[in-house]
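Chemist: The following comprises the amino acid sequence and a computationally predicted model.
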Amino acid sequence: MVRALRLMTLFVQVSVQNFTAYRFDFFVRGLMSLIHVGAELVAVWTIFNNTQSLKGWQWQHMLVLVGVYRIIAGGIRISIVPNMRKLLDEIREGTFDFVLLRPVNAQFLVSIREFVIWRLTDVFLGSAAAAYGCYSLLGHVPVKQTFVFIMMLAAGFAIVYSVWLMLATLCFWFIRIQNIEMVFWNVFEAGRYPIVIYNPWVRWVLTFILPLAFITTFPAGSLLGDPATGVPPSAPYYALLIATVLLLLSGWFWRFGLKRYAGASA
Amino acid sequence: MSRVVRVFLAYLRAKIGVMLQYRGEILLWSIWGIINPAVLYAMWSAAASGNENQSIAGLDRGGFAAYYFVMMIVGHLTGAWDVYHLGYLIRSGQLSPMLLRPVLPIWETLADNLSYKITTLMFVVPMWALFAWLVTPRFETSLWQVGMGFIAVLLGAGLNYMLCHTAALLAFWATKLDAMGEIYFGLCMFLGGRFAPMNALPGPILAIAEYLPFRWMFAFPTELLIGKIASMNEALIGVVIQSVWLVGVVILYRLMWSVAVKRYTAVSG
């Protein structure tokens, strides 16, 4: 455990050094993050320029959702995407051998090797949007619900991680699946809006088959604790349950896939 | 002239062959063009159902179904991504061999563009049909609007292609290509009517959109095809504005190209 933490700290340090080497890039990218959030705010403005509520979601609710979407998407780009990209490349090229040779759990190692530090701007901007939305609706940011909210964000992140790990594991069978990232972002797009906008069967699919609801809509709803959002009060328990099940399932699938790995030319 | 046409057709044949090699890849690219309008349809029809008159900007549920169904098709037919693709060719030096050929590189990238649109039809047409079957769009279109809409789509496609290609030429000077590409697509999204119909935009944003070409690439052909542009006069004025923009952008392209290409220094080919 201590060794695992030490390893992780080491990888973060390297990532920070990499990041500080390109400071000018940081400003351009920070500006782009700002523009992204700006565009999302324009979207919210446009929607509520035409209506009072989106199936019970007012503009304050939507601000929180925009924030959650930014935080999760930022988190995915900080750690999940770079690590999985690297993993897919290595499996294809056969250099994945060197990962297996190391005296650490392979799943752990492939998940912590790279961190895109500057993407933290997305997490900060997202948190600011969520906090502002919450503040303007309730007049304060409730402490207890904030804890539930952070826990649900963590559960959502764990769900995304599990899905990605399973997608990446497919690479042991199908060598060239680099484009799987695009599929992921395509589906993730549907999480920009509360799931109540979809018709019942799409909603069902987005809750139980592709659990997007647990990644964006439910965390946002649980921060506000507002029944108007249509988020059930039991959502946090289900989020924990689904996250645990998916983490176990993806870990099992990873080990199962690993047995198929035969190395390439290396 | 006839030589350019012959070269272009040869390019087109070759590029279609290449595209067919990457069937899986282009399928994935084309999915975004389906999911994005489908999600926006769901969002706007939900928003309209919350209003007393059940509509927004003159569109009710069936109206939004028609708008985003047509936008799905218009977005595919008028799509352009040279700001990424050509920009990458310039920065990576892969433009060098293209410059040695006796026709402008724009013919090759145009063939790329058209070959993608043609080869992806086999995926997107069934998905369009499925979407239409699921959401039951309601059209108020008469025959002349279909005819004018066809012309408007062609002009819109030309305009978007030329502007996107011209914007890509900034890669001769700038280095941050991804940022440029994202801003271009963002402008298409918000000022072009892909995110929301023009009438639903907040006043200040609509005011900006009026003076830029983006609405003439997407919103105008779409409005025409769903029958929202009622008078022939208005449609004709729109087509004239599209043509003026197109001519203007072609001139800008020629000017920029002649300056830009002199700046080109590739490290490797």
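Modeler: Cool, the structure landed.
Chemist: Now do A:Ser15, the pLDDT please.
Modeler: Note for A:Ser15: predicted pLDDT of 87.
Chemist: how about the closest residue to it other than its chain neighbours, secondary structure?
Modeler: The shortest distance from A:Ser15 to any residue other than its chain neighbours is 3.9 Å, reached at A:Phe115 (Cβ to Cβ, 6 or more residues apart in numbering or on different chains). Where C-beta positions appear, they are placed from N, C-alpha and C, glycine not excepted. Recorded secondary structure, A:Phe115: coil (DSSP: H, G, I helix; E, B strand; the rest coil).
Chemist: Can you report how many residues lie near A:Phe115?
Modeler: Neighbourhood size, A:Phe115 [other Cβ atoms under 10 Å in any protein chain shown]: 21.
Chemist: And for B:Arg138?
Modeler: Number of residues near B:Arg138 (other Cβ under 10 Å) recorded here: 15.
Chemist: Now do the same contact list for the spatially closest residue to it that is not a sequence neighbour.
Modeler: Of all residues beyond its chain neighbours, the one nearest B:Arg138 is B:Gly62 (3.2 Å), with distances taken as Cβ to Cβ, 6+ apart. With contacts defined as Cβ atoms under 8 Å, 6 or more residues apart in numbering or on different chains, the neighbours of B:Gly62 are B:136-138.
Chemist: Likewise for B:Leu59?
Modeler: The contact partners of B:Leu59, by Cβ under 8 Å, 6+ apart, come to B:44, B:48, B:67, B:197.
Chemist: Which of the three states applies to the third one?
Modeler: Counting by three-state DSSP, the backbone at B:Tyr67 sits in helix.
Chemist: is it true that it touches B:Leu225?
Modeler: No: the pair B:Tyr67 / B:Leu225 is not scored as a contact, 9.5 Å apart, by Cβ atoms under 8 Å.
Chemist: For the residue in chain A positioned nearest to chain B, the count of nearby residues, please.
Modeler: Residue nearest to chain B within chain A: A:Ile197 (3.8 Å; Cβ to the nearest Cβ). By the measure other Cβ under 10 Å, the count of residues near A:Ile197 is 22.
Chemist: before we move on, what about A:Met32?
Modeler: Neighbour count for A:Met32, taken as other Cβ under 10 Å: 18.
Chemist: residues touching the closest residue in space to it that isn't next to it in sequence, list them.
Modeler: Residue nearest to A:Met32 in three dimensions, not counting chain neighbours: B:Ala179, with 5.4 Å by Cβ to Cβ, 6+ apart. Applying Cβ under 8 Å, 6+ apart, one finds that B:Ala179 lies in contact with A:28, A:31-32.
Chemist: any idea how far A:Val42 is from B:Ala179?
Modeler: Relative to A:Val42, B:Ala179 is positioned 18 Å away (Cβ to Cβ, to the nearest Å).
Chemist: The residue nearest to A:Met32: helix or strand, and which one exactly?
Modeler: helix B:177-191 (DSSP states H and E).
Chemist: Also A:Met32?
Modeler: Taking DSSP H and E as the definition, one finds A:Met32 inside helix A:23-48.
Chemist: pretty sure A:Ala235 is in contact with A:Ala155, am I right?
Modeler: No: distance between A:Ala235 and A:Ala155: 9.8 Å, which falls outside the contact criterion (Cβ under 8 Å).
Chemist: the more surrounded of the two?
Modeler: Neighbours were counted for A:Ala235 and for A:Ala155 using other Cβ under 10 Å; A:Ala155 has more, 26 against 20.
Chemist: Get me the contact residues on chain B for chain A.
Modeler: Within chain B, the positions near chain A by Cβ under 8 Å from any Cβ of the partner chain are B:24-25, B:28-29, B:31-32, B:35-36, B:39, B:42-43, B:45-51, B:56-57, B:176, B:179, B:182-183, B:186, B:189-190, B:195-196, B:200-202, B:205.
Chemist: In helices, which of those residues fall?
Modeler: B:24-25, B:28-29, B:31-32, B:35-36, B:39, B:42-43, B:45-49, B:179, B:182-183, B:186, B:189-190, B:205 (DSSP state H).
Chemist: I'd like to know which of those residues are buried.
Modeler: Applying 16 or more other Cβ atoms under 10 Å in any protein chain shown to these, the neighbour count classes B:28-29, B:31, B:35-36, B:39, B:42-43, B:45-49, B:182-183, B:186, B:189-190, B:205 as buried.
Chemist: picking that back up, quick check: the residue nearest to B:Arg138 vs B:Phe139, distance?
Modeler: In this structure, B:Gly62 and B:Phe139 are separated by 9 Å, where distance is defined by Cβ to Cβ.
Chemist: cool, B:Val5 as well?
Modeler: With distances defined as Cβ to Cβ, the gap from B:Val5 to B:Phe139 amounts to 36 Å.
Chemist: neighbour count winner among these two?
Modeler: More neighbours surround B:Phe139 than the other of B:Val5 and B:Phe139, with 16 against 10 (other Cβ under 10 Å).
Chemist: That one touches B:Tyr67, doesn't it?
Modeler: No: under the criterion of Cβ under 8 Å, B:Phe139 is not in contact with B:Tyr67, lying 10.3 Å apart.
Chemist: Which neighbours do these two have in common?
Modeler: For the pair B:Phe139 and B:Tyr67, residues contacting each of them under the criterion Cβ under 8 Å, 6+ apart are B:Ile226.
Chemist: B:Ala174 should be in a helix, yeah?
Modeler: No: note on B:Ala174: no helix contains this position according to three-state DSSP, which reports coil.
Chemist: Find the nearest non-adjacent residue to it, please.
Modeler: Nearest in space to B:Ala174, with sequence neighbours left out and distances taken as Cβ to Cβ, 6+ apart, is B:Met180 at 6.6 Å.
Chemist: Roughly how far does the one you found sit from B:Trp81?
Modeler: From B:Met180 over to B:Trp81 (counting by Cβ to Cβ), the distance is 12 Å.
Chemist: And for B:Val74?
Modeler: According to Cβ to Cβ, B:Val74 and B:Trp81 sit 16 Å apart.
Chemist: if you count what's nearby, which of the two comes out ahead?
Modeler: Counting neighbours by other Cβ under 10 Å for B:Val74 and for B:Trp81 shows that B:Val74 has the greater number, 28 against 21.
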